[in-house]
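Engineer: Here is a sequence with its predicted model. Questions after.
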Amino acid sequence: MKIVTILGSPRKRGNTAAVLQAFEALIVPEHQVERINMVDYHVEGCRGCDVCQDKLAEPGCLQKDDAVRLLTRILAADVVVYACPVYCWAFPAQLKALLDRHYCLVKWQDGEVAAALMTGKRAALLVTCGGDAEDNADLIQVMFDREIAYVRGVVVGKYVVANCTTPAELGERGAETARRMAREIIGG
């Protein structure tokens with residue numbers, strides 16, 4: 001199985017990266033894992049120009065940044081894991097721009113969906129936050145559900161590691177979350 005993990009954090013070695021790396025290490029022996037670190041790419045926000053709607057079978061976009069290349073990698077995966085810390089109750093800018101560009105994965109004609117390129121794509125969310133989950137990660141989970149429903153994907157898991165301080169202090173909480181992700185998302 002091909003799994004694409006997207007680290008949407010501005011820190012490549014932060015709390016989210018530590019849990020994501022533990023998950024990847026658990027599944028790598030049996031599955032192909034491709035990591036996308038959003039800080040390594042340039043993705044502009046969606047301009048709302050609808051040029052992408054002219055191409056039914058591909059993302060398509062007028063902008064010459066990395067978004068279409070990243071979306072193509074997402075479409076080639078069996079499972080996509082979106083991972084990020086909570087920033088102001090939502091996604092950090094690095095991941096938010098790519099999520100906004102998911103608009104081009106649903107093609108509209110005469111007010112109806114003509115094609116949805118992520119139909120049936122399995123997607124999971126991994127979130128870390130400094131406070132408790134209920135008051136910090138509640139809204140990001142709702143936004144994720146709506147995003148994946150919009151692109152006609154299937155949410156296969158949402159994982160929150162709350163009260164994070166440093167990667168070194170995650171300890172068993174991070175490891176257990178990684179094991180649960182592997183068990184529930186991959187079935188191993």
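Structural biologist: Okay, I see it.

Engineer: ok, which stretches of the chain are strands?
Structural biologist: Counting by DSSP state E, one finds strands in the chain at the ranges 2-7, 32-37, 79-85, 106-109, 112-116, 122-128, 154-161.

Engineer: Remind me what the second one packs against, helices and strands.
Structural biologist: Which is strand 32-37. Packing partners of strand 32-37 (3 or more Cβ pairs under 8 Å, 6 or more residues apart in numbering; DSSP states H and E): strand 2-7, helix 15-27, helix 67-75. The way it works is simple: take the backbone N, C-alpha and C, and place the C-beta from them, glycine included.

Engineer: Now do the same for that strand: mean pLDDT, whole number.
Structural biologist: Taken as a whole, strand 32-37 carries a mean pLDDT of 98.

Engineer: Now do it: distance to the chain's middle.
Structural biologist: 11 Å (Cα atoms, centre = their mean, to the nearest Å).

Engineer: rewinding a little: which one, of the helices and strands packed on strand 32-37, ends up nearest to Met143?
Structural biologist: strand 2-7 (15.1 Å; Cβ to Cβ).

Engineer: What are the buried residues along that closest one?
Structural biologist: Neighbour counts using 16 or more other Cβ atoms under 10 Å place 3-7 of strand 2-7 among the buried residues.

Engineer: where's the worst-scoring helix or strand of the chain on mean pLDDT relative to the chain centroid, distance-wise?
Structural biologist: Lowest on mean pLDDT, DSSP states H and E among the helices and strands of the chain sits helix 133-136, with a mean of 78. With Cα atoms, centre = their mean as the basis, helix 133-136 stands 19 Å off its chain's centre.

Engineer: What's the end-to-end length of stretch 36-47?
Structural biologist: End-to-end distance of stretch 36-47 (Cα to Cα, to the nearest Å): 23 Å.

Engineer: Could you do stretch 44-54 as well?
Structural biologist: OK, stretch 44-54 end separation, Cα to Cα: 20 Å.

Engineer: Buried residues in it, which are they?
Structural biologist: So, applying 16+ other Cβ under 10 Å, buried residues of stretch 44-54: 46, 52-53.

Engineer: Against Leu56, how distant is Tyr82?
Structural biologist: Distance from Tyr82 to Leu56, counting by Cβ to Cβ, to the nearest Å: 25 Å.

Engineer: Just give me the residue right at the centre of the protein.
Structural biologist: Tyr82 (2.1 Å; Cα atoms, centre = their mean).

Engineer: Go through the helices and strands packed on strand 32-37 and name the closest to Thr119.
Structural biologist: helix 67-75 (10.5 Å).
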